[in-house]
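Visitor: all I have is the shape, not the residue letters:
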């Protein structure tokens with residue numbers, strides 16, 4: 001199948017559902033190891049859960065807030081970095097690797113960068129480090145998943161951008177499609193992108209038509225019978241997934 005990038009309208013459809021729903025569809029279509037690849041293996045913290053999911057193209061950058069020497073010798077880096085980000089088509093999600101990890105000295109993200117990047121078509125960021133100015137970032141309409149909060153910026157400056165990074169145990173490349181919410185994030189491989197919308201919507205539909213419907217509509221107190229009905233619904237769910245994707249469901 002020819003690889004196909006999703007349109008903005010198709011991204012908006014995926015934004016209506018949570019990230020676990022995207023995963024459920026993705027595992028049906030991918031040839032990757034869905035138990036170990038393409039999602040965060042470490043805990044993330046969503047500091048704007050009320051904003052719901054975000055979706056966009058990854059734009060990668062590395063920072064090292066402890067490195068004063070780099071900052072002193074590369075004062076033009078910020079402008080060059082901004083120019084690079086501005087030329088990439090949105091919606092964009094900034095993916096930031098903090099090279100000081102596991103220590104945290106300062107944040108690249110706060111009120112200023114949230115407003116600047118929002119104007120350049122960025123909807124949010126995934127930072128394997130810290131953020132600050134949470135309320136001001138929310139006011140800017142900018143969502144962030146990060147490791148923690150902090151109070152200072154130290155010498156946070158863009159060091160490398162556009163290169164592969166590793167954040168929360170997951171490798172991310174610029175241009176990859178990312179879906180993220182309070183549960184974490186998933187990076188959709190290019191070869192799976194053309195099918196991810198249909199697969200995610202159908203798996204959610206199959207769940208609602210079978211196991212969830214059975215569980216929610218059953219008010220009996222005969223739990224032996226109830227479990228039998230759930231097992232039957234699970235078999236129906238598996239059958240639907242197998243027929244469509246040639247891959248079993250989770251039951």
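Guide: Arrived safely, thanks for sending. On a predicted model such as this, the values are computed, not experimentally measured, just so you know.
Visitor: please enumerate the helices of the stretch 1-150 of the chain.
Guide: Taking DSSP state H, counting those that start in this stretch as the test, the helices found in the stretch 1-150 of the chain are 8-15, 19-29, 68-73, 77-86, 111-119, 134-139.
Visitor: buried residues in the fourth one?
Guide: Taking 16 or more other CB atoms under 10 Å as the basis for neighbour counts, the residues of helix 77-86 that come out buried are 77, 81-82, 85. All C-beta atoms are positioned from the backbone trio N, CA, C, and that covers glycine.
Visitor: just the longest one next, same as before
Guide: Using 16+ other CB under 10 Å as the burial criterion, the residues of helix 19-29 that qualify are 19, 21-29.
Visitor: tell me the mean pLDDT over it?
Guide: Over the span of helix 19-29, the pLDDT mean works out to 97.
Visitor: for it, packing partners?
Guide: strand 177-181, strand 184-188, helix 193-209, helix 223-245 (3 or more CB pairs under 8 Å, 6 or more residues apart in numbering; DSSP states H and E).
Visitor: just how off-centre is the third one within its chain?
Guide: Right, helix 193-209. 17 Å (CA atoms, centre = their mean, to the nearest Å).
Visitor: give me the angle between that helix and helix 223-245.
Guide: 160 degrees (axes from the mean of the first three to the mean of the last three CA atoms, to 10 degrees).
Visitor: coming back round to it: select, out of the helices and strands packed on helix 19-29, the one closest to residue 42.
Guide: strand 184-188 (9.0 Å; CB to CB).
Visitor: just checking the distance from the closest one to the centre of its chain.
Guide: Worked out by CA atoms, centre = their mean, strand 184-188 lies 4 Å from the chain centre.
Visitor: by how many degrees do it and helix 19-29 diverge?
Guide: 30 degrees.
Visitor: just checking, what packs against strand 184-188?
Guide: helix 19-29, strand 170-172, strand 177-181.
Visitor: need the buried residues of helix 19-29 in CSV with distance to residue 141, can you?
Guide: Shown next, in CSV, are these (distance: CB to CB, whole Å):
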residue, distance to residue 141
19, 20
21, 23
22, 22
23, 26
24, 28
25, 27
26, 27
27, 32
28, 33
29, 32
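Visitor: kindly state the beta-bridge partners for residue 179.
Guide: Counting by DSSP bridges, residue 179 forms beta bridges with residue 55, residue 186.
Visitor: which residues touch it?
Guide: Listed by CB atoms under 8 Å, 6 or more residues apart in numbering, the contact partners of residue 179 are 14-15, 19, 22, 53-55, 185-186, 188.
Visitor: how close does the residue sitting furthest away from the middle of the chain get to residue 134?
Guide: In the chain, the residue that sits farthest from the middle, by CA atoms, centre = their mean, is residue 222; the gap is 41.5 Å. Separation of residue 222 from residue 134 (CB to CB, to the nearest Å): 50 Å.
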